[in-house]
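Participant: coords please:
(2 chains)
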2 protein chains.
Amino acid sequence: MTDSNTYEPRGFAVHTAPVGLGDDGRDDFTVLLSTAPATVSAVFTRSRFAGPSVVLSRAAAADHRARGVVVLARNANVATGAEGERNAREVRAAVAQAAGLPEEELLIASTGVIGRQYPMPALRDHLKTLTVPLPDGGFDRAARAIMTTDTRPKQACRRVGDAVVAGIAKGVGMMEPDMATLLTFFATDARLDPAEQDRIFRRVMARTFNAVSIDTDTSTSDTAALFANGLAGEVDPAAFEEALYEVALTLVKDIARDGEGAGKLIEVRVRGARDDAQAKRVGKAVVNSPLVKTAVHGGDPNWGRVAMAIGKCSDDTDIEQDRVVIRFGEVAVYPPGLPGARSEEEVRDAVAAELAGSEVVIGIDLGIADGAFTVYGCDLTEGYIRLNADYST
Amino acid sequence: MTDSNTYEPRGFAVHTAPVGLGDDGRDDFTVLLSTAPATVSAVFTRSRFAGPSVVLSRAAAADHRARGVVVLARNANVATGAEGERNAREVRAAVAQAAGLPEEELLIASTGVIGRQYPMPALRDHLKTLTVPLPDGGFDRAARAIMTTDTRPKQACRRVGDAVVAGIAKGVGMMEPDMATLLTFFATDARLDPAEQDRIFRRVMARTFNAVSIDTDTSTSDTAALFANGLAGEVDPAAFEEALYEVALTLVKDIARDGEGAGKLIEVRVRGARDDAQAKRVGKAVVNSPLVKTAVHGGDPNWGRVAMAIGKCSDDTDIEQDRVVIRFGEVAVYPPGLPGARSEEEVRDAVAAELAGSEVVIGIDLGIADGAFTVYGCDLTEGYIRLNADYST
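Facilitator: Presented below is the predicted three-dimensional model:
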C-alpha cells in the first residue's frame, strides 16, 4: 500500500550503514539531514521510562530549529543509566561534527531492545568514517534501515504545489498512544510559518499516529518529527495539511497491516459520541480488545465482543445500550430487531463474510451527539505470540 | 491447587442440570440456595453493556436479603433486548416459585456468548420439573456446572470457628476490573452483622477478585456474591475476613493459572508507591502488558518490557526512573550497576531461570512512599489465540 511512485523533497540527504546493532549485517544506522536550515515540529512518547534519545531530542526540538535526525535501530538505549546517556550524547555529537552542525540542530532516535548498552567500539569505528557532505542514499534506504521487527518498509509521499512531503515510519509492536508508533519522520521542502507548521503537524498526528494501536503497549522511544527546509517556497497551508495527512494515514495503515503477526487491518469508526474524545475512547476500547482482535483473526462473527468492549467504558455513563448501533461493514448487527433486521443466522453469515476480507470496518453510533473519531488497529494472531515470546534472545 | 478436602456450610442446597445451553449435554444450569433466610453482599460489573441478569440481581441484592442464585452457563443473555429481559425474569420467577421464595430473594447470573436468546422451550421443560426441596448435589457439582471455557472447576473452603466459608468461581477470559471474574459465589453458615459482612466482603474482593486480570477485557456479566445464613452462629469478624480472603485468593490464583491458554501464573508485587491506588495502577500496567505476558510465556529474560510497562503510567509523573527497582523473584534486574550487581549476561541467565517456573513473581519498588498492591495474571500464549479466534462458532 506504500506509494511506490516516490519523489523526494529538495535538499535532504540520507545516509544509512550497518554498524552492528543487530547481527545480520543489514543497515541499522541512519542519518536524515536537510542541507539547508530547517524548522522542526516534533512529538514524543510520554513514557516515564523514556530513554536519553527522547530526552535529548525533546530539548533539541524545543526551539523548532533542527535539520535532521540520527536513528539507531535494534537497540532502544533505554534503562541503560548514566552510561546510556553518555553514549547517546557521544553518537549525536559525532554525527553533528561530521555534518558541521551544532549538536542542538540534530535529533536522535533509538529503537529496539531495552536495557542493553550500544556496542560503542563498532559505533565509533563507523562514526569516524562520516564525511561532509553525506552521500545521499535516498529515503527508501532510510525506510529500511530504521526497521526492527517490521516485515516491510513504510514510506509515502505527496506533492503539494511545487513542494513534496515525504514520510517514513517503522513500528509494529509496542504501539499505543500517546504516540502510536516507535518512529516516523517527515521531510518537506515547503515553506511554512513555524507556528502554523506546528499546529498542522499536531492536528495531523492526532488523527493518524495517535489513532493507531497494535497491542496497548507504549514505547519508551516514540518519536515523530517533521523537518521543513523551505527550498520549494511557500505553499497553501490547507493543501499542505491535506498532503501531510494523506502521507501520515498511508503510513499508519501500513503500520496496522504490518502489526506483529497481523493478518488484517481493523478500522473502527465511532460517531454519535458526546465529543471526539469519547469517540476515541470507545474506538480504542474496541480496537484494543483482545477478544475483538482474536474474533477478527478467526473470522468469527461474534459481534457481542464489540458490545462488551464498548461496555468497558464504564465511566461514560451517557452510553446507553438502547441508543447504540453496531455495524460490521454495512451490516447492522445490534440492536436486535431493527426495522428490516435479519435473523440471527443471517446476521452471523453476513458478518462472517465481512470478516473474510483483509480490511474490517466496524461502525459504532453511540446516539448521543456529534462526536466522531476513527482508530486503526490489527488482529491478534499466533504470529504475535511467537514473535514476542522470543524477541530479545 | 483447589482444596480437594471439601466441607460445606450448613443449610445450603445445590441443584445442577443440563438444560441444553451448550450442545454437549453437560450440566449448565445451577441453583445455589440457602434453606434458611440469608444475608447477601454482592458486587457487579460496571459495564455499560451489562445484561438483564446483572440488572435484576443488583436490584435484588440492594436490601441485602437474598437466599441464593440461579446460574446459566454458556449463554450470557446480553445485548438481547426486551426479549432477553423477559426471559431472565421468567427463569428467575420459575425457580423462585419452585423454591417457595419471593423472586426478589433470588439473584440470577448468566455467562457465555453475547447476543443470543436463551433456548426457552428447553429451559421451560426443565423448570417444570423443579420440586421443593431441591435435591442437594453439592458445591463441587455447582463449581463444574458454572464453567464455560474453564478447563477445571474452581472451589475452595475454610473453617472459621464452628462455621465454614465455601466459594466457587468460574472465569478464564474477558476478565479485568472492576470485577475481575465472570462469576464467583460464596456461602457461609457464619452469622455476621450485615453491615460488617458487607464491609468485609468489599475489602476482600478489592484484594482478590479486583486484583486479577487475564486479558483487559471486562465481562458484561461479572457477579460476586456472599450468602450468609447464620446457622453456625456468630464468629469473630477478623477471623472470618481472613478465612474469606484465603478462599477468595485460592480461587483467584486458580483463575489466573487457568486463564485462557495460560501456562504460568504471574504475580506482580508493587511497593514504594505514593499510595495503594498508584501501586495497583502500575501492577495492572505490567500484568496486562502483552509484551510482558509473551516474554513470560517464552521464558525470555527481556526485563526491559517491565520498565516499558511501568513507563506507560505517564500521568504518574512522580515515577522517576532512577528511583525504581525491578526484580524477577529475588534477582534485581534494574537499575544497572546496583552495588553487587551482576553482569548483563548473569542477570539474563538468572531471570531466565526464574521464568522457567510455573509461577513468576515480579517485584517493583517505586521508591516514592509506602503504597503497595499485588496483582495476579497469566502469560499470553498461542492457546489464547486459538481458543478465542473460534469461540462462538
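Participant: what's downstream of the helix or strand hosting A:Val54, the next helix or strand?
Facilitator: Element membership of A:Val54 [criterion: DSSP states H and E] is helix A:52-61. Heading C-terminal from helix A:52-61, the first helix or strand you meet, by DSSP H and E, is strand A:68-75.
Participant: what is the helix or strand following that next one packed up against?
Facilitator: Following strand A:68-75 in sequence order, the next helix or strand is helix A:81-99 (DSSP H and E). Secondary-structure packing of helix A:81-99 (3 or more Cβ pairs under 8 Å, 6 or more residues apart in numbering or on different chains; DSSP states H and E): strand A:29-34, helix A:52-61, strand A:68-75, strand A:106-113, helix A:120-127. C-beta: built from backbone N, CA, C; applies to glycine.
Participant: ok and helix A:81-99 relative to helix A:120-127, angle-wise?
Facilitator: Interaxial angle of helix A:81-99 relative to helix A:120-127 (axes from the mean of the first three to the mean of the last three Cα atoms, to 10 degrees): 10 degrees.
Participant: so A:Thr184, which state does it fall into?
Facilitator: Here A:Thr184 is recorded as strand under DSSP: H, G, I helix; E, B strand; the rest coil.
Participant: number of nearby residues for A:Thr129?
Facilitator: The number of residues packed near A:Thr129 is 8, by other Cβ atoms under 10 Å in any protein chain shown.
Participant: out of the helices and strands packed on helix A:81-99, which gets nearest to chain B?
Facilitator: Ranking those by proximity to chain B (Cβ to the nearest Cβ) places strand A:106-113 first, at 6.4 Å.
Participant: below-threshold pLDDT in the stretch 251-393 of chain A: ranges please.
Facilitator: Where the stretch 251-393 of chain A drops to pLDDT under 70, the residues are A:337-342, A:390-393.
Participant: can you rerun that using 80?
Facilitator: Applying pLDDT under 80 to the stretch 251-393 of chain A flags the ranges A:259-262, A:301, A:336-344, A:381-393.
Participant: so which residues of it form helices?
Facilitator: With helices called from DSSP state H, counting those that start in this stretch, the stretch 251-393 of chain A shows them at A:276-287, A:290-298, A:304-311, A:344-355, A:382-389.
Participant: show me what the third one is packed against.
Facilitator: Think helix A:304-311. By 3+ Cβ pairs under 8 Å, 6+ apart, helix A:304-311 packs against helix A:276-287, helix A:290-298, strand A:325-328, strand A:331-334, strand A:359-365.
Participant: the residue in the stretch 1-150 of chain A that chain B sits nearest to: neighbour count?
Facilitator: The minimum distance from the stretch 1-150 of chain A to chain B, using Cβ to the nearest Cβ, falls at A:Ile114 (2.4 Å). A:Ile114 has 27 neighbouring residues, counting by other Cβ under 10 Å.
Participant: any idea which element A:Val43 lies in?
Facilitator: Following DSSP H and E, one finds A:Val43 within strand A:39-44.
Participant: close to chain B, is that strand?
Facilitator: No - interface with chain B: strand A:39-44 contributes nothing (Cβ under 8 Å from any Cβ of the partner chain), its closest point being 11.0 Å away.
Participant: who touches that strand?
Facilitator: A:50, A:54, A:57-58, A:61, A:64-66, A:107, A:178-179, A:192, A:194, A:197-198, A:200-202, A:205, A:222-230 (Cβ atoms under 8 Å, 6 or more residues apart in numbering or on different chains).
Participant: name the residues of that strand that are buried.
Facilitator: Across strand A:39-44, burial judged by 16 or more other Cβ atoms under 10 Å in any protein chain shown covers A:39-44.
Participant: got those residues as TSV, with pLDDT columns?
Facilitator: TSV is the format used below for those (pLDDT from 0 to 100):
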residue	pLDDT
A:Thr39	96
A:Val40	96
A:Ser41	95
A:Ala42	93
A:Val43	89
A:Phe44	88
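Participant: out of the residues you listed, who's nearest B:Asp140?
Facilitator: Using Cβ to Cβ, A:Phe44 comes nearest to B:Asp140 of the buried residues of strand A:39-44, at 55.3 Å.
Participant: who's the closest one bridged to?
Facilitator: A:Thr223 (DSSP bridges).
Participant: may I have the beta-bridge partners of A:Arg269?
Facilitator: In this entry, A:Arg269 is beta-bridged to A:Gly363, A:Thr374, by DSSP bridges.
Participant: A:Thr374 is in contact with that one, correct?
Facilitator: Yes - the pair A:Arg269 and A:Thr374 qualifies as a contact (Cβ atoms under 8 Å) at a distance of 4.8 Å.
Participant: quick one: which of those two has more around it?
Facilitator: A:Thr374 (19 against 16).
Participant: quick one: the more buried one and A:Phe240, what's the gap?
Facilitator: Distance, A:Thr374 to A:Phe240, using Cβ to Cβ, to the nearest Å: 22 Å.
Participant: ok, now A:Val95?
Facilitator: 29 Å.
Participant: next one: A:Thr39
Facilitator: Here the criterion is Cβ to Cβ. By it, A:Thr39 lies 13 Å from A:Phe240.
Participant: now for the two: what residues contact both?
Facilitator: Contact criterion Cβ under 8 Å, 6+ apart; residues shared by A:Thr39 and A:Phe240: A:Leu192.
Participant: the inter-axis angle of the helix holding A:Val54 versus strand A:106-113?
Facilitator: Going by the same axes, to 10 degrees, helix A:52-61 makes 160 degrees with strand A:106-113.
Participant: identify all contacting residues around helix A:52-61.
Facilitator: Helix A:52-61 is contacted from outside by A:40-42, A:44-45, A:47, A:66, A:69, A:72, A:77, A:80, A:84-85, A:87-89, A:92, A:103-110, A:220-223, A:225, using Cβ under 8 Å, 6+ apart.
Participant: flag every buried residue along it.
Facilitator: Quick answer for helix A:52-61 (16+ other Cβ under 10 Å): A:52-54, A:56-58, A:60-61.
Participant: swap in stretch A:227-238?
Facilitator: Buried residues in stretch A:227-238, counted by 16+ other Cβ under 10 Å: A:227-232, A:235, A:237.
Participant: out of those residues, which sit inside strands?
Facilitator: Among these, the subset assigned to strands under DSSP state E consists of A:227-228.
Participant: and the buried residues of stretch A:227-238, which is closest to B:Asp254?
Facilitator: Closest to B:Asp254, out of all of these and judged by Cβ to Cβ, is A:Phe227, at 55.2 Å.
Participant: for the closest one, name its beta-bridge partners.
Facilitator: A:Val40, A:Ala187.
Participant: how about the contacts made by it?
Facilitator: Counting by Cβ under 8 Å, 6+ apart, A:Phe227 touches A:12, A:32, A:34, A:38-40, A:66-69, A:185-188.
Participant: please repeat the previous calculation with a cut-off of 10 Å.
Facilitator: A:9, A:11-12, A:32-34, A:38-42, A:66-69, A:107, A:185-189 (Cβ atoms under 10 Å, 6 or more residues apart in numbering or on different chains).
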